[in-house]
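S.K.: when you get a sec, could you give me coordinates for this:
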Amino acid sequence: MGKQFNVGNVTFGGEDFPLIAGPCVIESRDHCLKMAEAIKIVTERLKVPFIFKSSFDKANRSTVGSFRGLNIDEGLSILSEVKSEIGVPVLTDVHLPDQCRAVGEVVDVLQIPAFLCRQTDLLVAAGDTGKAINIKKGQFLAPGLMAHAAEKVASTGNDNILLTERGASFGYDLVSDMTSIPRMQSLGYPVVFDATHSAQVPGNGAKIGLKAKNIMQPIENVATVSTEDKLRKVIIDMTEKPQGAALVIDKDKTLLGLITEGDLRRCLAEKGDIDRMRVSEIMTSDPVSINIETSLKDTLSIMEDRESQISVLPVTKSDSNLCVGLLRLHDVYQTSGQRDMIPTLAKAAVAAGCDGLFLEVHDNPKEAKSDASTQWPLDQLEDLLITLIKIHKAVNG
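M.R.: Numbers count the residues shown, from 1 in each chain. Predicted structure coming up:
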């Protein structure tokens, strides 16, 4: 028997079968309250413990024009209303260490996105809140390696940890390996299965001939700095244009280098003087870049090179080094999905013994502002849960 703990009136690691559910992103106050109430009605009728999930910011959207959600203040205000008016625990994502304290004052569970599951500062800051932490397994990680992510949270003295399986990268698609559920349970923490994100089809653009120019972040939306700029300016510019990196260019927009969030974190960890140090001292000179006409298939090959660990690529034009934008791994993972496969995946995961289910649910998936192709329809939620409850009871005697 692994770790057992409570989130409000919801128990993980016991005999219950909790559901974490809600729309992918907070679209409005009214919609959020409506969805929380509707899901609560279904779960109360079926006696399924329920935690409401929705994100105030989807920082890993595919394109810069994608709807990311509301700002943190408005989003947390709405989630607070869900708790007080609907009377259910709430969960939301955090993307930056400095978000954790404010988020932890409102929500019951802080969620670490899959792409960020190795970020030490984020995991430690989340653990320091004392709230339950749901760590989504990166698509790029073997199940056993989630021990390191859990250890980072547990190092704060907080071991109220959930691990969530959401599929593994295989070529340009996701594959759900159900053996990962008992493997992660062997680490001593309850394991939740994310049936909706596991039904995504990452990198679908590679299959339909998209190129870098179709999904890159244009240079106007990316922080741009010169080699002589002080690091404080870089931090300010990257905060205003949060794309994960700053492009170092000259007055003619020729690419000279790249500074990532990781570069800045390392500098700060080494107590670098951001008011004295210049961009030239920490930037990556002559970074790997791609041409604006590069296919997404070739882009993926470059970015998924396990030795290079590339997550952002400057984009240049023609044969020159003229910088026109930035392409992030998040942009490459432009997704479509197989909604019809969600029940199959969910049933398999429950049969494999998962300790709970994660479902993004929407009353009108086609009009959803995020992950429209894989949100489960609200009017089909009860039927799906009835089937899953039967499987859970059969598996657990």
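S.K.: could I get the full set of helices for the stretch 1-150 of the chain?
M.R.: For the stretch 1-150 of the chain, applying DSSP state H, counting those that start in this stretch gives helices covering 29-46, 72-81, 100-104, 120-128, 146-154.
S.K.: among those helices, which is nearest E220?
M.R.: With C-beta to C-beta as the criterion, E220 lies closest to helix 72-81 of the helices of the stretch 1-150 of the chain, at 24.1 Å. Yep, even glycine has a C-beta here, placed from its N, CA and C like the rest.
S.K.: what about the strand or helix carrying D263, average pLDDT?
M.R.: If you go by DSSP states H and E, D263 is part of helix 261-269. Averaging pLDDT along helix 261-269 yields 89.
S.K.: once you drop chain neighbours, what's closest to the residue positioned nearest the centre of the chain?
M.R.: When C-alpha atoms, centre = their mean is applied to the chain, the residue found nearest the centroid is P113 (2.9 Å). Distances taken as C-beta to C-beta, 6 or more residues apart in numbering put D93 closest to P113, at 5.5 Å, once the chain neighbours are dropped.
S.K.: so that neighbour bridges to which residues?
M.R.: Judged by DSSP bridges, the bridge partners of D93 are Q111.
S.K.: that one: neighbour count?
M.R.: By other C-beta atoms under 10 Å, the residues close to D93 number 24.
S.K.: nearest to R183, of the helices of the stretch 1-150 of the chain?
M.R.: Among those, helix 146-154 sits nearest to R183 (C-beta to C-beta), with 8.8 Å.
S.K.: would you mark the buried spots in stretch 227-246?
M.R.: Buried positions in stretch 227-246, judged by neighbour count with 16 or more other C-beta atoms under 10 Å: 229-231, 233-235, 237-238, 241-246.
S.K.: need the contact list for the nearest residue to Q4 once chain neighbours are set aside.
M.R.: Nearest-residue entry for Q4: G13, 3.6 Å, with adjacent residues in sequence omitted and distances by C-beta to C-beta, 6+ apart. G13 is in contact with M1, G2, K3, Q4, F5, Y189, P190, D355, counting by C-beta atoms under 8 Å, 6 or more residues apart in numbering.
S.K.: what subset of these is buried?
M.R.: Buried by 16+ other C-beta under 10 Å: K3, F5, Y189, P190, D355, out of the contacts of G13.
S.K.: can you redo those residues as TSV with distance to R166?
M.R.: Formatted as TSV, the buried ones among the contacts of G13 follow (distance: C-beta to C-beta, whole Å):
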residue	distance to R166
K3	20
F5	21
Y189	15
P190	15
D355	15
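S.K.: now, which of those sits nearest S373?
M.R.: For the buried ones among the contacts of G13, the residue nearest S373 by C-beta to C-beta is D355; the value is 26.8 Å.
S.K.: mind checking which helix or strand of the chain has the lowest mean pLDDT?
M.R.: Ranked by mean pLDDT, DSSP states H and E, the weakest helix or strand in the chain is helix 329-332, scoring a mean of 66.
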